[in-house]
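# Below are the sequence and a predicted model; questions follow.
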Amino acid sequence: MKCFVTGASGFIGSNLVQELLAHGHRVKVLLRPGANERGLQGLKYERVTGDIFDRSLLLREMEGCDWCFHAAASYQLWMRNYAAMYQTNVEGTRNVLEAAGKAGCKKIVYTSTVGCIGVPLPVNGKITPASESEKIPDDQLFCDYKRSKFQAEGVAIELFRKIGLPVIIVNPSAPIGPGDARPTPTGQIVVDFLNGRLPAYLETGLNWVHVHDVAVGHILAAEKGRFGERYILGNQTGNLTLHQTFALLERISGVPAPKKRIPYWLAHRIAEISEFGAYFTGKPPRATFAGVRMAKHKMWFDSGKAIRELGLPQTSPEQAFADAVTWFRANGYVKKK
């Protein structure tokens, strides 16, 4: 198949390009001028320079493509002004999906997030991992990233229902592994851990998944996914508390895990001070309100649907973190002591 990929310089996007090429597909990628192409080095793909706001370019370059993968997004937990995030995540998504439909792409895979799925509250102290059917209540859309992606997913569903666009939605959980060049907020946790920058932690829960499985899951969604459906790309054994995550990282890396746990009231105060300073410096804060609010919920998910319908691979969380640690150390993210 000939595939068109947006967001190819990102963590998921670069791994997706690698997997598409490994599966024998031809790949055309859309890259902005000056994009960080570190994750694409050595790969043979066709490059298109531009952005997702150029409708005529999108339509022209998608002609003749069989599949479109829209992985481009603004993924940040803090910005001075969030208008650009909504422009990218919502209007950019509409531009790409509509262009793919007009260009005749037979399959359009939209990369959403598990942040668009509701997280059930504990019942008698137990949490049941959420599936794709869980609607997210308004009080869980507590940051602009989640709100913008929720609106973007709404655009994808609207275009499927109204004009029959062949859209399949994938909802990755917390990807980890090699090639996180920026790194993402979840990858930054690993980098900070390895550099000893986490004297204490705020307890929460995440579903960790190997980025390789997420990339393969995109391809499986194009091959087997049902139009208008969404699929959680996660790991059935990846639902871990942060305490469990750090214990795992300690075993893998040899770096001692932080022992002190921060209470939520203190974390909120730290985020308040951090964001206040960031507003004046322009540098991202060390702690964010969005991160603290998300930590109140254990974001655990059930990827059974993707496993049953798509054959989503299930690389162990241990292997995912080991691959991430190896990559970060080999690429200069960890200070030598």
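Great, that's in hand.
# What is the burial count for Lys106?
12 (other C-beta atoms under 10 Å). From N, CA and C alone the C-beta is placed, and that goes for glycine too.
# isn't it right up against Asp66?
Yes - using C-beta atoms under 8 Å, Lys106 is in contact with Asp66, at 5.4 Å.
# contacting residues around stretch 21-33?
With contact meaning C-beta atoms under 8 Å, 6 or more residues apart in numbering, stretch 21-33 is reached by 1-6, 8-9, 13, 17, 20, 37, 40, 43-52, 58, 61, 65, 67, 72, 219.
# Could you list the buried residues of the biggest helix by length in the chain?
Longest helix in the chain by number of residues (criterion: DSSP state H): helix 144-163. Using 16 or more other C-beta atoms under 10 Å as the test for burial, helix 144-163 gives 144-153, 155-157, 159-160.
# tell me the mean pLDDT for it?
Here helix 144-163 scores 96 as its mean pLDDT.
# Check stretch 253-269 too.
93.
# From one end of that stretch to the other, what's the distance?
In stretch 253-269, first residue to last residue: 31 Å (C-alpha to C-alpha, to the nearest Å).
# buried set for it?
253, 255, 257-258, 262, 267.
# same thing with stretch 15-25?
For stretch 15-25, using 16+ other C-beta under 10 Å, the buried residues are 15-20, 25.
# swap in stretch 223-241?
Of the residues in stretch 223-241, 225, 228-235, 238-240 count as buried by neighbour count, 16+ other C-beta under 10 Å.
# Could you provide those residues in TSV, with additional columns for distance to Val170 and secondary structure?
Output for those, formatted as TSV (distance: C-beta to C-beta, whole Å; DSSP: H, G, I helix; E, B strand; the rest coil):
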residue	distance to Val170	secondary structure
Gly225	8	coil
Gly228	13	coil
Glu229	10	coil
Arg230	7	strand
Tyr231	5	strand
Ile232	8	strand
Leu233	5	strand
Gly234	10	coil
Asn235	14	coil
Gly238	16	coil
Asn239	19	strand
Leu240	21	strand
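# For His268, give me its contacts.
Neighbouring residues of His268 by C-beta under 8 Å, 6+ apart: 289, 292.
# After the helix or strand harbouring it, which helix or strand is next?
In this structure, His268 sits in helix 264-281 according to DSSP states H and E. Later in the chain than helix 264-281, the nearest helix or strand by DSSP H and E is helix 289-295.
# and that next one, what does it pack onto?
Packed against helix 289-295 by the contact rule (3 or more C-beta pairs under 8 Å, 6 or more residues apart in numbering; DSSP states H and E) you find helix 264-281.
# Off-centre distance for the helix it packs on?
24 Å (C-alpha atoms, centre = their mean, to the nearest Å).
# got it, and stretch 154-174?
16 Å.
# tell me how far the ends of that stretch are from each other?
21 Å.
# Same question for stretch 197-217.
One end of stretch 197-217 sits 33 Å from the other (C-alpha to C-alpha).
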